[in-house]
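> Quick one: sequence plus predicted model below, questions after.
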Amino acid sequence: MNLLIAYATTDGQTRKIVRFVADRLAARGHGVELMNTEDAEGLDLSRFDGAILAGSVHAGGYQKSLRQFVREAKASLAMMPTLFLSVSLSAAGSDPEDWAGLKKILAEFQTETGWTPKRTEHVAGAFRFSEYDFFRAWAMRRIADMKGQKVEPGKDKEYTDWDQLALAVDGWLAKVKPRVKAVAASAG
């Protein structure tokens with residue numbers, strides 16, 4: 001099968017996640033096109049059997065390029081099997097308020113873009129202090145403290161459960177079937 005993975009990332013953890021997914025799919029013999037949504041203008045989705053989209057939650061929403069891509073591609077996406085990977089630090093915890101917030105952000109994304117993924121998986125992200133400027137690092141350390149998380153200044157801390165992600169992708173893939181390609185009949 002030919003599969004698209006389109007993603008948006010802010011600090012790089014979503015890119016790391018989709019590379020893991022792309023490697024897993026390619027190792028199973030599937031064709032995979034990995035594309036940042038910033039570079040997806042004019043992409044012809046009809047050549048893909050399914051699509052995985054991924055974005056991370058920052059400041060109460062997903063990246064602008066992901067929202068724009070989905071708005072423009074929603075009709076094509078609705079015609080194929082899709083998996084949406086929503087990456088966030090909130091997905092690492094069990095706080096009911098955090099999970100309610102994730103559900104609200106997802107619902108707002110669906111309303112704004114007009115697209116509802118066939119399946120959504122919330123994937124725990126990471127503190128990527130190596131990617132933060134001084135002020136962002138300070139804010140992220142404060143968030144970690146408020147959530148009772150111990151982080152070392154300047155050291156990244158990853159929460160992504162790679163085994164769970166692999167199971168989610170495998171479960172989605174098991175339901176994806178190659179799309180029937182129309183073959184033009186030649187007059188003879």
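Structure's in. What do you need? Please read these numbers as outputs of a predicted model, since none were measured by experiment.
> How much space separates I143 from H58?
As judged by CB to CB, to the nearest Å, I143 and H58 stand 12 Å apart. In short, each C-beta sits where N, CA and C put it, glycine included.
> So which of the two has more stuff around it?
Between I143 and H58, H58 has the larger neighbour count (other CB atoms under 10 Å), namely 16 against 13.
> what's the distance between that one and I105?
Counting by CB to CB, the gap from H58 to I105 is 10 Å.
> can you pull the contacts of the most centrally placed residue in the chain?
The centroid of the chain falls nearest to A54 when counting by CA atoms, centre = their mean (1.4 Å). Applying CB atoms under 8 Å, 6 or more residues apart in numbering to A54 gives the contacts 5-8, 14, 17-18, 21, 84-87, 123.
> Tell me which helix or strand comes right after the stretch of helix or strand it belongs to.
Element membership of A54 [criterion: DSSP states H and E] is strand 50-56. Sequence order places helix 64-78 as the next helix or strand after strand 50-56, per DSSP H and E.
> Tell me what angle that following helix forms with strand 50-56.
160 degrees (axes from the mean of the first three to the mean of the last three CA atoms, to 10 degrees).
> In CSV, list the C-alpha atoms belonging to helix 64-78.
The C-alpha trace of helix 64-78 is given here as CSV (Å, rounded to 0.1, in the frame of the first residue of the first chain):
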residue,chain,number,x,y,z
LYS,A,64,-1.4,26.5,11.6
SER,A,65,0.1,24.5,8.7
LEU,A,66,-1.6,21.3,9.8
ARG,A,67,-5.0,23.1,10.1
GLN,A,68,-4.6,24.7,6.7
PHE,A,69,-3.6,21.4,5.1
VAL,A,70,-6.6,19.6,6.6
ARG,A,71,-9.0,22.3,5.5
GLU,A,72,-7.8,22.1,2.0
ALA,A,73,-7.6,18.2,1.9
LYS,A,74,-10.7,17.4,4.0
ALA,A,75,-12.7,16.0,1.0
SER,A,76,-9.9,13.6,0.0
LEU,A,77,-9.1,12.7,3.6
ALA,A,78,-12.8,11.8,4.1
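> tell me what it is packed against?
With contacts taken as 3 or more CB pairs under 8 Å, 6 or more residues apart in numbering; DSSP states H and E, helix 64-78 sits against strand 2-7, strand 50-56, helix 96-113.
> any residues touching that helix, and which ones?
Identification of contacts with helix 64-78 by CB under 8 Å, 6+ apart yields 6-8, 36-38, 40, 43, 45-46, 51, 53, 55, 61, 109, 112-115, 117.
> All set, thanks.
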